[in-house]
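In: I need the structure of the sequence given here:
(chains A and B)
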Amino acid sequence: DAKTTQPPSMDCAEGRAANLPCNHSTISGNEYVYWYRQIHSQGPQYIIHGLKNNETNEMASLIITEDRKSSTLILPHATLRDTAVYYCIASGAGGTSYGKLTFGQGTILTVHP
Amino acid sequence: SQTIHQWPATLVQPVGSPLSLECTVEGTSNPNLYWYRQAAGRGLQLLFYSVGIGQISSEVPQNLSASRPQDRQFILSSKKLLLSDSGFYLCAWSGQGAGGYTFGSGTRLTVV
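Out: So this is what the prediction gives:
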């Protein structure tokens, strides 16, 4: 898996957009960008993934740069319940030897009132 | 819909005792299965993964072993627990495509 770099912590005001950056300059052409989050004492929760195009679902949006060397996860209207550790992971698809998720230290996002 | 079950939720075991944690998946077939461990204040470490019955790959040398006796059952075991085996153990599954992992609720193991 390609190495990813994330800021260790970020703050966001409740109701505002949270933009979490991730650098993955060594990502290979067949690797996806995955985002997960882990709320304290729970298992990680899948948020979104993408290959080249920007993606949006009910939880978040994922913006991937054209050269695929970085991406941004956007939580459009952060709530207190979005306080968690957010992991950005570059990995191949499942069912292959390289489809294993390697978690780094992630970004601790704190949403405050 | 697919669900993943993991038990027990918490476990306190003495040093030297055996361990068996079970994980089962419902609503899908031929899932990829994974065991992760998270030590206190640390990140998630992949321990084992399996792409089919009887097929186990170990990521790190350790005091643990894994088995997959059935398509949707994944078991994590130890013959003799060490203090360093304490942690939060998570089972996860994924499909064959690019979709994300689904994690279980985890087992918090304390070895005393």
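In: excluding chain neighbours, what is closest to the residue most central in space within chain A?
Out: In chain A, the centroid-proximal residue (C-alpha atoms, centre = their mean) is residue A:35; its distance is 3.1 Å. Nearest residue to residue A:35, sequence neighbours excluded (C-beta to C-beta, 6 or more residues apart in numbering or on different chains): residue A:47, at 4.3 Å. For glycine as for every other residue, the C-beta is placed from the backbone atoms N, C-alpha and C.
In: buried set for stretch A:71-87?
Out: Going by neighbour count (16 or more other C-beta atoms under 10 Å in any protein chain shown), the buried part of stretch A:71-87 is A:71-75, A:78, A:82-87.
In: ok, now stretch B:80-96?
Out: So stretch B:80-96, judged by 16+ other C-beta under 10 Å, has buried residues B:81, B:85-95.
In: what does stretch A:63-71 give?
Out: Buried-residue list, stretch A:63-71, by 16+ other C-beta under 10 Å: A:63-64, A:68, A:70-71.
In: give me the neighbour count for residue 31.
Out: In the absence of a named chain, this looks at chain A. By other C-beta atoms under 10 Å in any protein chain shown, the residues close to residue A:31 number 21.
In: my bad, chain B
Out: Count around residue B:31 with other C-beta under 10 Å applied: 24.
In: same check on residue A:21?
Out: 15.
In: so what's the residue lying closest to it once chain neighbours are set aside up against?
Out: Distances taken as C-beta to C-beta, 6+ apart place residue A:72 nearest to residue A:21, at 5.3 Å, with adjacent residues excluded. When contacts are counted by C-beta atoms under 8 Å, 6 or more residues apart in numbering or on different chains, residue A:72 touches A:19-22, A:62-63.
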